[in-house]
Structure formats: C-alpha cells, structure tokens
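Student: Generate coordinates for the sequence data below:
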Amino acid sequence: MVDLAKITEPLSLSGLGPRPHGPLVLELDLTEGVADEAPSDPISQIMNRRRQHFLDVVEGLRRGARDRRVAALVARIDARNLGFAKVQELREAVADFRASGKPAIAWADSFGEAGSGNLPYYLACAFSRVVMSPTGSLGLTGLIMRGTFVKGAIDKLGVTYEVGKRHEYKNALNGVTETGFTDAHREAVDGIVTSLSDQVTEAVAQARGLTGEAVRELVERGPFMPREALDAGLVDALAYRDEVYGDVMERVRREHGGGREPELRFVARYHRKHVPAPRPRVAGGPGYIALISASGPITLGRSRRSPLGGGAVMGSDTVAAAFRAARKDPRVKAVVFRVDSRGGSATASDAIRRESELTSKAGIPVVSAMGDIAGSGGYYVTLGSDAVVAQPGTITGSIGVIVGKPVLGALMERFGVTTDSVSSGPHAGMFDTARPFSTSEWERVNALLDDIYDDFVGKVAKARGMTREQVHEVARGRIWTGRDAHGHGLVDELGGLATAVRLARARAGSGPLPLRPFPHTHPLDRLRSHESSEDLAAAQPQSTLGAWGPLEQAALAMGLPAAGPLTMPGGWEVR
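Tutor: Down below sits the predicted model:
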C-alpha cells in the first residue's frame, strides 16, 4: 500500500546544493616544457595546447601560497627546456609558496639520467623535500660551456670570413674565424661558468645544510647512484611516483581534509581559472600593469612565431605597436617589458628602445625584466625603461657590435661556378660574397662599426647614469651574468617578474595592480582589414629587409647570426 503521508512530505534539498570541495594539491609537471608566452593565433594555440605558460606557472604558485584551500605542492622536475634565469624565477616562486608554511615536494625520475643534472637538481633544491626514483641517478657534476668552431672545416672548402667587431670580447663569429677560444673569449666564458657555478653551490649548500666546500667536494665525485645520493644527503628519499603522490595526498587528507578528499590540479589550470577575463578599454577603475613580452632575434618588421613551436622573432613593428597601444589604453598604469633575446638589428633595437622611452615620458612607468638571455640588442631594448631587473643567472651585457661576410670565391671556383657583374660605383659590390672587402670598403665598414658602437655606449651611459669611459670598461662586447652586471651598474635589481611588478607598482603609485599579458586581441582581429599601422591588431608576416641588409641571404646560407650586428655569441647553454 502506498503511504500518502510520505508522498506529501517536503522534499529535502540538502543534496542539491554545491558539492563541498576538498583541499587542493597543486601539481607542476615540467617534463613537457614551459612556453614563454601564450601564442596569439588559433593554429599555434591548438598546436601548443598542452604546453603550460611560464607566467601562469609563476603566478599560479604565488596565488596558491595565499589561497587557504591550497594545502601542498608536488612537482615532477625536469629542466631540459628551461634556462638558468627561468629556473631561478621558478625557485623564487617556490620559495614564496614555502614561506606560507605549506609543503612543496620535488620528485624526479632521475636528475640527468646518463647526463648532466645540475640545472634540474638546482631547481629541486628550492623545495622542502627532494625525492628521486630508486633507479634514477643524480648528475651533480659541475657546469660546462662548450664552443663549436668550424673554421677548420670551412678552410678545407676554401671559404674564409671577413669580420669586423667592436671590441675584443664580441665573439659571435669566433666559430668561423677561430679554431678555439681566444684569450678574451675564454676569459668571458670562464667568468660566466664561475659565476653560475658559485650560484648553484650556494643554493645546494643552503638547501641541504652543507658547507660550500662540502658541495664542491660532492661535485667532484658526481654523478651519484640512488643510494649514494641518499647517503650524501642530496635527496630526502627514494620513491616511485605512486608512493610520492600517495604520501602527499594522505598527509593533506589527514591534516586538512576534514573528511573530504583532496583534489589534484595543475598549477597553470588552477591559475587560469582564477584570472578574470579582460575588460573593455574604459576610463577609470584601478587599471592594471601591462606585460609586454618579446623574445628571439631582433629584426625590423613584424614579430614571427612558428605554429609548430619553433623559435620566435622579435619584430620592432610589433613591439613598438604594443608600447603605443599601452600609452593609449587608460587602464594601463605601468608596463613590465619581458625580454629574452640574444640581440640582432641595431636599427630595430633602437626603434623598440625609443617607444619604451616615449611610454615612460608619457607618465607610464616601464620596468624591463630580463629572461634567460638579454644581451647586445637584447640589452639595448631595455635602455628606454625606468628600471632594469635581471636574475643572477641571466646572461646579459655584450655591449658591442659585429659585422662580417663569408668569401666564397675559392669554393665557387673549385666547382666551376663563375659570376659576372656590372656596377655603377666602386663599392656597389662590397657585400658580395665572391670577393673580400677592398681597402676603401674596409674603411666604410670600420666607420660603421665605430658609429654603432659609439651610439650604443652613449645610450647606455645616458640610461645608466654612467660616463662613456665607465661603460666602455664593462662593454667591449663582454658578456656578464646578471649578478655581475648588477655589480657593474648595468641592471638595477636582481629578481624576476615579481621584482619587476613590485617596482612597477611602486613607480605607478596605484596599489596592488594585477599583471596582465598585453595586448589582448580577439582571434578575428587577424582576419579583418586593419585601419593603419596604429591598429594594434595588425600582425602581418614580416616582409621588410632583414637585419643584415644586403647580406641577409648570405648570412642565412652560411650560418652567420641571422639577427644582425648587435648579436651576442651563441652556445650559452649551461649543462
């Protein structure tokens, strides 16, 4: 029989409300790399959808430190796709997370299996606990920078290179003009390796409760097998992934769960769920700090980026347009200019510097934040800002200039290739690769080098409040770590994005403004016709003359630095 009384009882809605959420455990997986910035076009977004963005990771860690719901952080460590400065920026974000009292666990299958593991272990030492797989290895073996010299090979082909530079430390083309380090080149490389090695030693010693001397002795013994790493105090435990994650989740469940199961969430996804959508450009309101990111070789024209994840190109037109747009946007109260570049075209670098300077003069503070590398033209573009920030491990400086060309005449003759030409002046063919520079052409090349170098040094002196003589002493093409550059007055403070944002907020005097990537355009903007060069959405592929001018095609064909005369030496990979 049906009980009518029960049918008429009021329904309970207690089960229809929002489901109570458990504590969050943030997860950081670095095995698939970290993208410098979010791609702007739809194809790149699809191709790189699995790659987390560096800003999302850093800001997510800082947000999680202050979020009561976040209870812990667990990270799978891999630094193969990270440079020294980015590792240091991640270390700072992890330190900020730990300062909240929350545990941060670093786990790795291996720190450099059958190879160097210095950089991933350096990153892991920022965490409160370091765990490695029972079958891994710890490659704490010391840093090395290796140069590749192909002069011997091209000599056999009959190819020579004519190179002019200012000054002796400007070694971007030493790979084709030398068979090994020159004294100046070796001095510069030794300075970089020593500075970075000291930074790693200090960090490991502090994290593992060792003396600097003890760490140096361990480096001489590396690499380490699992039990050796544990006995030496370099790791806290040997465990598999399921054991590490299981322990973290159980601890959070016990200490913060309150009967609810903890949830695991990627740092980048956690951050993006808390970032408000960009608001229309209207006057009033608190505003925000615009993050303008620029990476890759510096050229005239538009910026470029491969949809397949290839290297980016910093185009002066694109970056300049971003600064102009920032000046017009009433909600932009300050700009953080993120730079990661080996340099390139002197003209393009100066165009970017000029727009940065105009933005500052318009009353919008500009703070430059250097990434892994900001040398030569990459340093030049920061000279219009109010302050410059670099990580201790950033590679910067390289205040110098270089120009050169391959001479292919003997190679062409060997294979029966001949050329002929008609010219209207004695210097019409000076950039031809079939012959060397003549005496009068060398005079013009040297005049060009002197003019660019003098202009570069003068702009550095003005921006940094130094005399030309003081700048020349730390210039001459010399490359420095951020720590050494700070000591020589080339940067204002050591740190990363957090430091740059702090300085920008202070100069803007507007309180804790949020940091937002800029410009933010709609994907359909790429399809519509653009009104003028002032239209921010104009992003046509670069079609202007490359950084080497008449030598563009020869430079690309012969392996010269495609970026141009303000290029720092290559091969600055730290292992």
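Student: Grab the most central residue of this structure for me.
Tutor: By C-alpha atoms, centre = their mean, the chain has its centre lying nearest to residue 371, at 3.6 Å.
Student: In contact with that one, which residues are there?
Tutor: Going by C-beta atoms under 8 Å, 6 or more residues apart in numbering, residue 371 touches 36, 83, 85-86, 295, 338-340, 394. Backbone N, C-alpha and C define where each C-beta goes, glycine included.
Student: Same check on residue 397?
Tutor: Neighbouring residues of residue 397 by C-beta under 8 Å, 6+ apart: 375, 379, 474-475, 478-480, 485, 490, 568.
Student: Return the member of those residues nearest to residue 67.
Tutor: Using C-beta to C-beta, residue 485 is the member of the contacts of residue 397 that sits closest to residue 67, with 35.3 Å.
Student: I'd say the closest one and residue 391 touch.
Tutor: No - using C-beta atoms under 8 Å, residue 485 is not in contact with residue 391; the gap is 10.4 Å.
Student: Neighbour count: the two, which is higher?
Tutor: residue 391 (30 against 26; other C-beta atoms under 10 Å).
Student: Hmm, residue 296 is touching residue 314, no?
Tutor: Yes - assessed by C-beta under 8 Å, residue 296 is found in contact with residue 314 at 5.0 Å.
Student: any common contacting residues for the two?
Tutor: 303, 341.
Student: out of those two, which sits in the busier spot?
Tutor: Using other C-beta under 10 Å, the more surrounded residue of residue 296 and residue 314 is residue 314, with 28 against 21.
Student: Near residue 155, how many other residues are there?
Tutor: The burial count assigned to residue 155 is 12, neighbours taken as other C-beta under 10 Å.
Student: quick one: it is in a helix?
Tutor: Yes - Residue 155 forms part of a helix when assessed by DSSP: H, G, I helix; E, B strand; the rest coil.
Student: State the distance from it to residue 394.
Tutor: Per C-beta to C-beta, to the nearest Å, residue 155 is found 36 Å from residue 394.
Student: now swap in residue 193 and tell me
Tutor: Using C-beta to C-beta, residue 193 is found at 15 Å from residue 394.
Student: Kindly report the same for residue 166.
Tutor: Per C-beta to C-beta, residue 166 is found 23 Å from residue 394.
Student: Comparing the two, which residue is more hemmed in?
Tutor: Legend: neighbour count by other C-beta under 10 Å for residue 166 and residue 394, higher for residue 394 (33 against 25).
Student: Low-confidence stretches in this protein?
Tutor: Scanning the chain for pLDDT under 70 picks out the ranges 1-20, 37-51, 257, 275-285, 305-311, 521-531, 533-575.
Student: 50 instead?
Tutor: 1-19, 41-47, 282, 308-309, 538-550, 552-554, 556-559, 572 (pLDDT under 50).
Student: Including secondary structure, could the contacts of residue 371 go into CSV?
Tutor: Listed next are the contacts of residue 371 as CSV, based on three-state DSSP:
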residue, secondary structure
36, coil
83, coil
85, helix
86, helix
295, strand
338, strand
339, strand
340, strand
394, coil
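Student: now, which of these sits nearest residue 447?
Tutor: residue 339 (29.5 Å).
Student: In this structure that closest one contacts residue 292, no?
Tutor: No - in this structure residue 339 lies outside contact range of residue 292 using C-beta under 8 Å: 9.3 Å.
Student: between those two, who's got more neighbours?
Tutor: Neighbour count, other C-beta under 10 Å: between residue 339 and residue 292, residue 339 has more, with 30 against 26.
Student: who are the neighbours in contact with that one?
Tutor: Contacts for residue 339 (C-beta under 8 Å, 6+ apart) come out as 294-295, 368-371, 374, 378, 381-382.
Student: Distance of it relative to residue 115?
Tutor: Distance, residue 339 to residue 115, using C-beta to C-beta: 30 Å.
Student: swap in residue 422?
Tutor: Going from residue 422 to residue 115 by C-beta to C-beta gives 56 Å.
Student: what about these two, which has more around it?
Tutor: The neighbour comparison of residue 422 against residue 115 (other C-beta under 10 Å) goes to residue 115, with 13 against 6.
Student: Once you drop chain neighbours, what's closest to the more buried one?
Tutor: Sequence neighbours aside, residue 139 is the residue nearest to residue 115 in space, at 6.1 Å (criterion: C-beta to C-beta, 6 or more residues apart in numbering).
Student: What is the neighbour count of the one you found?
Tutor: The number of residues packed near residue 139 is 22, by other C-beta under 10 Å.
Student: wait, what's in contact with it?
Tutor: Applying C-beta under 8 Å, 6+ apart to residue 139 gives the contacts 111-113, 115-118, 121, 222-224.
Student: Dump those into CSV; add secondary structure and distance to residue 417 as well.
Tutor: Formatted as CSV, those follow (DSSP: H, G, I helix; E, B strand; the rest coil; distance: C-beta to C-beta, whole Å):
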residue, secondary structure, distance to residue 417
111, strand, 52
112, coil, 47
113, coil, 48
115, coil, 43
116, coil, 44
117, coil, 49
118, helix, 47
121, helix, 52
222, coil, 52
223, coil, 51
224, strand, 56
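Student: what about burial for those residues, which qualify?
Tutor: Neighbour-count burial (16 or more other C-beta atoms under 10 Å) applied to the contacts of residue 139 gives 111-112, 116-118, 121, 222-224.
Student: Is it correct that residue 432 falls within a strand?
Tutor: No - using three-state DSSP, the assignment for residue 432 is coil, not a strand.
Student: which non-adjacent residue is nearest it?
Tutor: Using C-beta to C-beta, 6+ apart, the closest residue to residue 432 is residue 421 (7.6 Å).
Student: Is the residue nearest to residue 148 when sequence neighbours are not counted within a helix or a strand, and which one?
Tutor: Nearest non-adjacent residue to residue 148, counting by C-beta to C-beta, 6+ apart: residue 175, 5.8 Å away. For residue 175, the element it lies in under DSSP states H and E is helix 174-177.
Student: Who are the packing partners of that helix?
Tutor: Here helix 174-177 touches helix 151-157, strand 160-166, going by 3 or more C-beta pairs under 8 Å, 6 or more residues apart in numbering; DSSP states H and E.
Student: Next SSE downstream of it?
Tutor: That would be, after helix 174-177 and using DSSP H and E, helix 183-208.
Student: Could I get the buried residue list for the helix or strand just after that following helix?
Tutor: Reading on from helix 183-208 to the C-terminus, the next helix or strand found by DSSP H and E is helix 212-221. Residues of helix 212-221 classed as buried under the neighbour-count rule (16+ other C-beta under 10 Å) are 214-216, 218-219.
Student: again with stretch 221-241
Tutor: Residues 222-224, 226, 228-230, 232, 234-236, 238-239 are the ones in stretch 221-241 that count as buried (16+ other C-beta under 10 Å).
Student: for those residues, which one is nearest residue 354?
Tutor: Of the buried residues of stretch 221-241, the one sitting nearest to residue 354 (C-beta to C-beta) turns out to be residue 222, at 48.4 Å.
Student: In this model residue 140 seems to touch the closest one, though I could be wrong.
Tutor: Yes - Residue 222 is in contact with residue 140 according to C-beta under 8 Å; the separation is 4.4 Å.
Student: got the contact list for stretch 409-417?
Tutor: Stretch 409-417 is contacted by residues 157-160, 418-419, 433-435 when judged by C-beta under 8 Å, 6+ apart.
Student: Output the residues you listed as JSON lines; include the columns neighbour count and distance to residue 519.
Tutor: Shown next, in JSON lines, are the contacts of stretch 409-417 (neighbours: other C-beta atoms under 10 Å; distance: C-beta to C-beta, whole Å):
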{"residue": "157", "neighbour count": "12", "distance to residue 519": "47"}
{"residue": "158", "neighbour count": "15", "distance to residue 519": "50"}
{"residue": "159", "neighbour count": "20", "distance to residue 519": "44"}
{"residue": "160", "neighbour count": "19", "distance to residue 519": "46"}
{"residue": "418", "neighbour count": "8", "distance to residue 519": "52"}
{"residue": "419", "neighbour count": "12", "distance to residue 519": "47"}
{"residue": "433", "neighbour count": "22", "distance to residue 519": "40"}
{"residue": "434", "neighbour count": "17", "distance to residue 519": "45"}
{"residue": "435", "neighbour count": "15", "distance to residue 519": "47"}
